[in-house]
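*Asks:* heads up, no residue letters with this:
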(Lines give C-alpha, C1' and ligand atoms only; values in the text may rest on other atoms or scores of the structure.)
Protein backbone atom coordinates (compact mmCIF):
# COMPACT_ATOMS: atom_id res chain seq x y z
CA UNK A 1 0.00 0.00 0.00
CA UNK A 2 1.32 3.43 -0.92
CA UNK A 3 1.50 5.65 2.15
CA UNK A 4 1.37 9.02 0.37
CA UNK A 5 0.13 9.04 -3.20
CA UNK A 6 -0.14 11.85 -5.72
CA UNK A 7 -1.87 12.14 -9.06
CA UNK A 8 -0.95 12.77 -11.75
CA UNK A 9 2.70 11.80 -11.83
CA UNK A 10 3.34 13.97 -14.89
CA UNK A 11 1.48 17.06 -16.02
CA UNK A 12 2.26 18.96 -19.22
CA UNK A 13 0.09 21.98 -19.94
CA UNK A 14 -0.02 25.36 -21.64
CA UNK A 15 0.49 28.74 -19.99
CA UNK A 16 -2.73 30.23 -18.70
CA UNK A 17 -4.43 26.90 -18.00
CA UNK A 18 -5.80 25.82 -14.62
CA UNK A 19 -4.74 22.46 -13.19
CA UNK A 20 -5.07 20.42 -10.01
CA UNK A 21 -2.82 17.93 -8.27
CA UNK A 22 -4.31 15.47 -5.81
CA UNK A 23 -2.71 13.98 -2.73
CA UNK A 24 -3.89 11.26 -0.39
CA UNK A 25 -2.28 9.70 2.65
CA UNK A 26 -3.37 6.48 4.35
CA UNK A 27 -1.14 6.85 7.40
CA UNK A 28 -3.78 8.39 9.62
CA UNK A 29 -1.69 11.56 9.96
CA UNK A 30 -3.19 14.88 10.98
CA UNK A 31 -0.81 17.17 9.05
CA UNK A 32 -0.20 17.43 5.33
CA UNK A 33 2.17 19.61 3.33
CA UNK A 34 2.92 20.81 -0.18
CA UNK A 35 6.51 21.45 -1.26
CA UNK A 36 7.92 22.79 -4.53
CA UNK A 37 11.25 21.50 -5.88
CA UNK A 38 12.80 23.61 -8.61
CA UNK A 39 15.10 22.52 -11.41
CA UNK A 40 18.14 22.89 -9.15
CA UNK A 41 16.58 20.50 -6.62
CA UNK A 42 15.95 23.30 -4.12
CA UNK A 43 12.98 22.29 -1.96
CA UNK A 44 10.68 24.81 -0.30
CA UNK A 45 7.50 24.47 1.69
CA UNK A 46 4.37 26.05 0.26
CA UNK A 47 1.53 25.09 2.61
CA UNK A 48 0.69 22.91 5.55
CA UNK A 49 -2.68 21.82 6.90
CA UNK A 50 -3.53 20.24 10.22
CA UNK A 51 -6.89 18.49 10.39
CA UNK A 52 -8.16 20.44 7.37
CA UNK A 53 -7.03 23.77 8.84
CA UNK A 54 -4.39 25.92 7.11
CA UNK A 55 -1.32 26.26 9.35
CA UNK A 56 1.50 27.44 7.11
CA UNK A 57 1.12 29.60 4.04
CA UNK A 58 4.48 30.69 2.72
CA UNK A 59 4.74 33.59 0.29
CA UNK A 60 3.06 31.71 -2.51
CA UNK A 61 1.13 33.54 -5.27
CA UNK A 62 -2.61 33.41 -4.67
CA UNK A 63 -2.94 31.52 -7.97
CA UNK A 64 -2.09 28.51 -5.80
CA UNK A 65 -4.99 27.34 -3.66
CA UNK A 66 -4.79 24.26 -1.48
CA UNK A 67 -7.96 22.43 -0.51
CA UNK A 68 -8.34 19.81 2.18
CA UNK A 69 -11.71 18.04 2.02
CA UNK A 70 -10.67 15.77 4.89
CA UNK A 71 -7.50 15.12 6.81
CA UNK A 72 -6.42 12.33 4.45
CA UNK A 73 -6.48 14.55 1.37
CA UNK A 74 -4.74 17.79 0.40
CA UNK A 75 -5.20 18.93 -3.17
CA UNK A 76 -3.41 21.78 -4.91
CA UNK A 77 -5.17 23.88 -7.51
CA UNK A 78 -3.17 26.25 -9.68
CA UNK A 79 -4.84 28.97 -11.75
CA UNK A 80 -3.39 30.76 -14.76
CA UNK A 81 -0.25 28.64 -14.95
CA UNK A 82 3.02 30.42 -15.73
CA UNK A 83 6.32 29.14 -17.09
CA UNK A 84 7.92 29.60 -13.67
CA UNK A 85 5.48 27.14 -12.14
CA UNK A 86 7.32 24.30 -13.85
CA UNK A 87 8.73 22.19 -11.05
CA UNK A 88 8.21 18.99 -9.13
CA UNK A 89 5.52 19.29 -6.46
CA UNK A 90 5.71 17.00 -3.46
CA UNK A 91 2.99 16.23 -1.00
CA UNK A 92 3.97 15.04 2.47
CA UNK A 93 2.31 14.10 5.73
CA UNK A 94 3.27 13.99 9.39
CA UNK A 95 1.58 12.96 12.59
CA UNK A 96 1.12 16.56 13.72
CA UNK A 97 0.94 15.38 17.31
CA UNK A 98 3.33 15.46 20.24
CA UNK A 99 6.44 17.35 19.22
CA UNK A 100 5.80 18.29 15.58
CA UNK A 101 9.24 19.85 15.18
CA UNK A 102 10.69 16.37 15.73
CA UNK A 103 8.33 14.49 13.47
CA UNK A 104 9.29 12.51 10.40
CA UNK A 105 7.54 13.63 7.26
CA UNK A 106 6.50 11.07 4.64
CA UNK A 107 6.69 12.23 1.05
CA UNK A 108 4.74 11.27 -2.02
CA UNK A 109 6.50 10.40 -5.30
CA UNK A 110 6.06 13.89 -6.72
CA UNK A 111 4.18 15.46 -9.62
CA UNK A 112 6.35 16.76 -12.43
CA UNK A 113 4.65 19.84 -13.87
CA UNK A 114 5.85 21.33 -17.14
CA UNK A 115 4.26 24.55 -18.35
CA UNK A 116 4.82 25.30 -22.03
CA UNK B 1 15.30 33.31 9.72
CA UNK B 2 16.32 29.68 9.58
CA UNK B 3 18.66 28.36 6.93
CA UNK B 4 20.61 25.23 6.05
CA UNK B 5 23.80 25.17 4.04
CA UNK B 6 25.23 21.99 2.63
CA UNK B 7 28.08 21.28 0.28
CA UNK B 8 27.30 21.47 -3.38
CA UNK B 9 27.65 18.40 -5.49
CA UNK B 10 27.92 16.37 -7.39
CA UNK B 11 30.10 14.16 -5.27
CA UNK B 12 31.49 11.23 -7.25
CA UNK B 13 32.98 8.29 -5.39
CA UNK B 14 34.08 4.76 -6.00
CA UNK B 15 32.34 1.90 -4.26
CA UNK B 16 33.59 1.30 -0.68
CA UNK B 17 34.91 4.87 -0.41
CA UNK B 18 34.21 7.08 2.62
CA UNK B 19 31.49 9.67 2.22
CA UNK B 20 31.11 12.95 4.09
CA UNK B 21 28.52 15.59 3.29
CA UNK B 22 28.86 18.77 5.30
CA UNK B 23 25.81 20.55 6.68
CA UNK B 24 25.62 23.68 8.81
CA UNK B 25 22.55 25.52 10.00
CA UNK B 26 21.24 28.78 11.40
CA UNK B 27 18.14 28.66 13.59
CA UNK B 28 16.27 31.06 15.81
CA UNK B 29 15.26 28.37 18.30
CA UNK B 30 16.46 24.89 19.22
CA UNK B 31 15.89 22.84 16.08
CA UNK B 32 15.62 19.18 15.29
CA UNK B 33 17.94 18.11 12.47
CA UNK B 34 17.29 15.66 9.68
CA UNK B 35 18.86 14.01 6.68
CA UNK B 36 16.46 13.04 3.91
CA UNK B 37 17.44 11.06 0.81
CA UNK B 38 15.88 11.22 -2.64
CA UNK B 39 16.55 8.28 -4.95
CA UNK B 40 16.14 8.87 -8.69
CA UNK B 41 12.52 9.44 -9.66
CA UNK B 42 11.22 9.12 -6.11
CA UNK B 43 10.07 11.31 -3.26
CA UNK B 44 12.16 12.09 -0.23
CA UNK B 45 12.47 9.65 2.63
CA UNK B 46 13.92 10.13 6.06
CA UNK B 47 17.44 8.76 6.43
CA UNK B 48 18.12 9.79 10.03
CA UNK B 49 17.45 12.51 12.54
CA UNK B 50 18.61 13.99 15.85
CA UNK B 51 16.53 16.11 18.16
CA UNK B 52 19.01 17.42 20.71
CA UNK B 53 22.65 18.38 21.03
CA UNK B 54 25.19 15.52 20.90
CA UNK B 55 22.55 13.06 19.69
CA UNK B 56 23.75 10.77 16.93
CA UNK B 57 21.32 9.65 14.27
CA UNK B 58 22.16 6.49 12.34
CA UNK B 59 20.56 4.33 9.69
CA UNK B 60 21.76 2.05 6.84
CA UNK B 61 25.40 2.67 7.79
CA UNK B 62 24.98 6.47 7.70
CA UNK B 63 25.63 8.59 10.78
CA UNK B 64 25.35 12.23 11.75
CA UNK B 65 25.93 13.94 15.10
CA UNK B 66 24.11 17.07 16.24
CA UNK B 67 26.84 19.58 17.10
CA UNK B 68 25.33 22.66 18.70
CA UNK B 69 28.68 24.36 19.28
CA UNK B 70 29.52 24.30 15.56
CA UNK B 71 25.86 24.33 14.35
CA UNK B 72 26.61 21.33 12.19
CA UNK B 73 25.10 17.97 11.29
CA UNK B 74 27.55 16.34 8.88
CA UNK B 75 26.55 13.06 7.24
CA UNK B 76 29.07 10.21 7.03
CA UNK B 77 29.21 6.68 5.72
CA UNK B 78 32.27 4.51 5.94
CA UNK B 79 31.83 2.42 2.81
CA UNK B 80 29.38 3.50 0.14
CA UNK B 81 27.61 1.27 -2.35
CA UNK B 82 26.31 1.97 -5.84
CA UNK B 83 22.79 1.87 -4.34
CA UNK B 84 23.67 4.94 -2.23
CA UNK B 85 23.63 7.10 -5.37
CA UNK B 86 20.98 9.71 -4.62
CA UNK B 87 20.43 13.32 -3.62
CA UNK B 88 20.86 13.97 0.10
CA UNK B 89 19.09 16.83 1.86
CA UNK B 90 19.95 18.26 5.24
CA UNK B 91 16.98 19.89 6.96
CA UNK B 92 15.88 21.45 10.22
CA UNK B 93 12.59 21.94 11.97
CA UNK B 94 12.21 24.59 14.61
CA UNK B 95 9.25 25.07 16.95
CA UNK B 96 9.97 28.81 16.96
CA UNK B 97 9.49 28.89 13.18
CA UNK B 98 6.20 27.02 13.09
CA UNK B 99 7.63 23.49 12.84
CA UNK B 100 8.15 23.69 9.11
CA UNK B 101 11.05 21.83 7.50
CA UNK B 102 13.76 24.08 6.07
CA UNK B 103 15.96 22.24 3.57
CA UNK B 104 19.48 22.73 2.33
CA UNK B 105 20.07 22.78 -1.41
CA UNK B 106 20.73 19.03 -1.67
CA UNK B 107 23.94 17.18 -2.55
CA UNK B 108 23.94 14.72 -5.42
CA UNK B 109 26.10 11.66 -4.74
CA UNK B 110 27.14 9.31 -7.50
CA UNK B 111 28.84 6.04 -6.55
CA UNK B 112 30.62 4.22 -9.35
CA UNK B 113 31.35 0.50 -9.29
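*Replies:* Ah, there it is. Quick caveat: nothing in here was measured; it's all calculated off a predicted structure. Numbering: from 1, shown residues only, chains lettered A, B, ... in the order given.
*Asks:* does chain A sit close to the helix or strand hosting residue B:45?
*Replies:* Following DSSP states H and E, one finds residue B:45 within strand B:44-50. Yes. Against chain A, strand B:44-50 shows contacts by Cβ under 8 Å from any Cβ of the partner chain at B:44, B:45, B:46, B:49. In this view, the C-beta of every residue, glycine as well, is placed from N, C-alpha and C.
*Asks:* which of those has the largest number of neighbours?
*Replies:* residue B:44 (28 neighbours; other Cβ atoms under 10 Å in any protein chain shown).
*Asks:* which residues touch that residue?
*Replies:* A:43, A:90, A:92, A:105, A:107, B:36, B:37, B:38, B:89 (Cβ atoms under 8 Å, 6 or more residues apart in numbering or on different chains).
*Asks:* wait, isn't the last one in contact with residue B:38?
*Replies:* Yes. Between residue B:89 and residue B:38 a contact is recorded at 6.8 Å, counting by Cβ atoms under 8 Å.
*Asks:* could you give the bridge partners of residue A:57?
*Replies:* Residue A:57 has the following beta-bridge partners by DSSP bridges: residue A:47.
*Asks:* then residue A:94?
*Replies:* According to DSSP bridges, the residues that bridge with residue A:94 are residue A:31.
*Asks:* spit out the residues that contact residue B:89 and residue B:38 alike.
*Replies:* Listed contacts common to residue B:89 and residue B:38 are B:44, B:106; contacts here mean Cβ under 8 Å, 6+ apart.
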